[in-house]
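*Asks:* Quick one, structure for this:
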Amino acid sequence: MTLLAGLLMASCDRQQQSPPPPPVTEVATVTVQPQQMVLTTELPGRTSPYRVAEVRPQVNGIVQKRLFEEGSDVRAGQVLYEIDPAHFQAAYNNAKAALGRAEANLPSIRLRVERYRELLPDKAVSQQEFDDAAAAEKQSQADVEFWKAMVETATINLGYTRVTAPISGRIGKSNVTDGALVTAYQPVALTTIQQLDPIYVDVPQSTAELLRLRQRTDKGRLKPNGESQSKVKLILEDITPYPLEGTLQFRDVTVDPTTGSVILRIVFPNPKSALLPGMFVRAVVQEGVAEDAILVPQQAVSRDPKGNPVGLIVDNTGKVQQRPLALDRAIGDQWLVTSGLAAGDHVIVEGLQKVRAGASVKEVPAAKSN
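*Replies:* Alright, predicted model coming up:
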């Protein structure tokens, strides 16, 4: 009896020492909450002047004086160069004198015509004499008009000896010095003026991207952002944001066959001349508003053996399910998901390596990142 009791006790001890069931794996999850989001895209571009004017002489002559400082700001109408005006002043004086002579002759010829008209009925003068006087009056009147035009031409040419700025802006270096011979409309500009405030930013956008945006808008995934749709932000070469917003002026309708892109032209205020022509920049252009955008942390997305993005969720029964995902883009440390998740899904962000589809898990809320 003692031996039988010992065997029974040993059997009970072995039953009490059997291993407990394995603990349920703990994972951290986030709950999917669709949100309204303004979607943007960064596009590379370059700055270009708002207006450019190449200053050229309109008469021939010798440059007597340069009247501006290279690299300074000039205003429209400011005199930049003086060309020797002596020849043009003489031409003006000659035309003025000839006009005075023609105007002095005209009154006497008119009086003669009037006298001949009164004497013609009495046959005191012949018809031929009257016709000659009338023709002389018309010729004298034509001479007056001709010399008026010559005076006007001489005045214009004399004014062209003072070369002025056609626009306001920043003037560059001078290509001529005092004493240089210049010719009218010569191919080499005397100098160049560029208006830098405001300034253009020209941004190429691929036609593929343009078509993608149009399709998303047509399907209702993107909606215009009202008056803010045309507002554009700028990132400089040193990755610092430009403090002022620009305005999208227009999108070109001609596709560049070499790049397959169209040009977006944006106007930015540039009061301190921080933007110079030819600078490389990045423009942040608004695409539109996504009413129900779904964002998940990037660590919640993994790849299957074929490289397709997938995510793991915890269903209502506490089991893991795998979902194939379609990703649009990365926004900060999150992915924008276009399909595969729905509002209220619990997405696993921590503990992905410890679980697989079908396993039971214990979920805890993931810590929010600052």
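
*Asks:* which stretches of the stretch 1-150 of the chain form strands?
*Replies:* 25-31, 35-55, 61-66, 73-74, 79-83 (DSSP state E, counting those that start in this stretch).

*Asks:* Least reliable of these by average pLDDT, please.
*Replies:* Here the strands of the stretch 1-150 of the chain differ in mean pLDDT, and the lowest is strand 25-31 at a mean of 86.

*Asks:* can I get the CA coordinates of it in PDB?
*Replies:* C-alpha atoms of strand 25-31 as PDB (Å, rounded to 0.1, in the frame of the first residue of the first chain):
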ATOM      1  CA  THR A  25       2.300  38.400 -27.900                       C
ATOM      2  CA  GLU A  26       1.800  42.000 -27.200                       C
ATOM      3  CA  VAL A  27       1.800  44.500 -30.100                       C
ATOM      4  CA  ALA A  28       1.400  48.300 -30.300                       C
ATOM      5  CA  THR A  29      -1.300  49.600 -32.700                       C
ATOM      6  CA  VAL A  30      -2.700  52.800 -34.000                       C
ATOM      7  CA  THR A  31      -6.300  53.400 -35.100                       C
END
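
*Asks:* partners of that strand in the sheet?
*Replies:* If you go by DSSP bridges, strand 25-31 pairs up with strand 346-350 (antiparallel), strand 361-365 (parallel).

*Asks:* what does the first one rub up against?
*Replies:* Under the contact criterion C-beta atoms under 8 Å, 6 or more residues apart in numbering, strand 346-350 has outside partners 27-32, 296-297, 299-300, 311-314, 320, 341, 355, 361, 363, 366. C-betas here are computed from N, CA, C, even on glycine.

*Asks:* Swap in 6 Å and give it another go.
*Replies:* 27-31, 296-297, 299-300, 311-314, 366 (C-beta atoms under 6 Å, 6 or more residues apart in numbering).

*Asks:* What of the last one?
*Replies:* Counting by C-beta under 6 Å, 6+ apart, strand 361-365 makes contact with 24-29, 314, 320, 355, all of which sit outside it.

*Asks:* Which residue ranges of this structure form helices?
*Replies:* Taking DSSP state H to define them, one finds helices in the chain at 2-16, 86-119, 127-160, 207-218.

*Asks:* could those helices be laid out in TSV, adding mean neighbour count, mean pLDDT and distance to residue 78?
*Replies:* Shown next, in TSV, are the helices of the chain (neighbours: other C-beta atoms under 10 Å; pLDDT from 0 to 100; distance: least, C-beta to C-beta, whole Å):
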stretch	mean neighbour count	mean pLDDT	distance to residue 78
helix 2-16	9	51	104
helix 86-119	15	88	21
helix 127-160	15	89	14
helix 207-218	13	78	43
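
*Asks:* Show me how to select, in ChimeraX, the buried members of the contacts of strand 361-365.
*Replies:* Only the buried entries of the contacts of strand 361-365 go into this ChimeraX selection, using 16 or more other C-beta atoms under 10 Å:
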select :27,28,29,314,320,355
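
*Asks:* Format the contacts of strand 361-365 as TSV; extra columns: distance to residue 100.
*Replies:* Converted to TSV, these look like this (distance: C-beta to C-beta, whole Å):
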residue	distance to residue 100
24	114
25	110
26	109
27	104
28	101
29	100
314	104
320	106
355	107
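
*Asks:* ok, so of the contacts of strand 361-365, who is nearest residue 329?
*Replies:* Checking the contacts of strand 361-365 against residue 329 with C-beta to C-beta, the nearest one is residue 29 at 23.2 Å.

*Asks:* re the thing from before, I'd like the helices of the chain as CSV, with distance to residue 253 appended.
*Replies:* Listed next are those as CSV, based on distance: least, C-beta to C-beta, whole Å:
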stretch, distance to residue 253
helix 2-16, 84
helix 86-119, 47
helix 127-160, 40
helix 207-218, 11
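
*Asks:* Let me know which of the ones you listed is the nearest to residue 47.
*Replies:* helix 207-218 (21.6 Å).

*Asks:* Using CSV, list the CA coordinates for the closest one.
*Replies:* In CSV, the C-alpha atoms belonging to helix 207-218 read as follows (Å, rounded to 0.1, in the frame of the first residue of the first chain):
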residue,chain,number,x,y,z
THR,A,207,2.9,65.4,-68.4
ALA,A,208,2.6,62.1,-66.6
GLU,A,209,2.2,63.9,-63.3
LEU,A,210,-0.2,66.3,-64.9
LEU,A,211,-2.4,63.5,-66.2
ARG,A,212,-2.3,61.7,-62.8
LEU,A,213,-3.5,64.8,-61.0
ARG,A,214,-6.3,65.3,-63.6
GLN,A,215,-7.5,61.7,-63.1
ARG,A,216,-7.5,62.0,-59.3
THR,A,217,-9.5,65.2,-59.6
ASP,A,218,-12.0,63.7,-62.0
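
*Asks:* domain ranges for the chain?
*Replies:* Following automatic domain parsing, one gets these domains for the chain: 25-37+292-365, 39-51+195-290, 58-83+161-188, 85-159.

*Asks:* Residue 74 reaches residue 174, doesn't it?
*Replies:* No: the criterion here is C-beta atoms under 6 Å, and residue 74 misses it with residue 174 at 12.0 Å.

*Asks:* what residues are up against residue 313?
*Replies:* Taking C-beta under 6 Å, 6+ apart as the test, what residue 313 contacts is 321, 323, 345-347.

*Asks:* What distance do you get for it to residue 362?
*Replies:* Distance, residue 313 to residue 362, using C-beta to C-beta, to the nearest Å: 15 Å.

*Asks:* so the residue nearest the centre of the chain bridges to which residues?
*Replies:* By C-alpha atoms, centre = their mean, the mean C-alpha position of the chain lies nearest to residue 266, the distance being 1.9 Å. In this entry, residue 266 is beta-bridged to residue 201, residue 248, by DSSP bridges.
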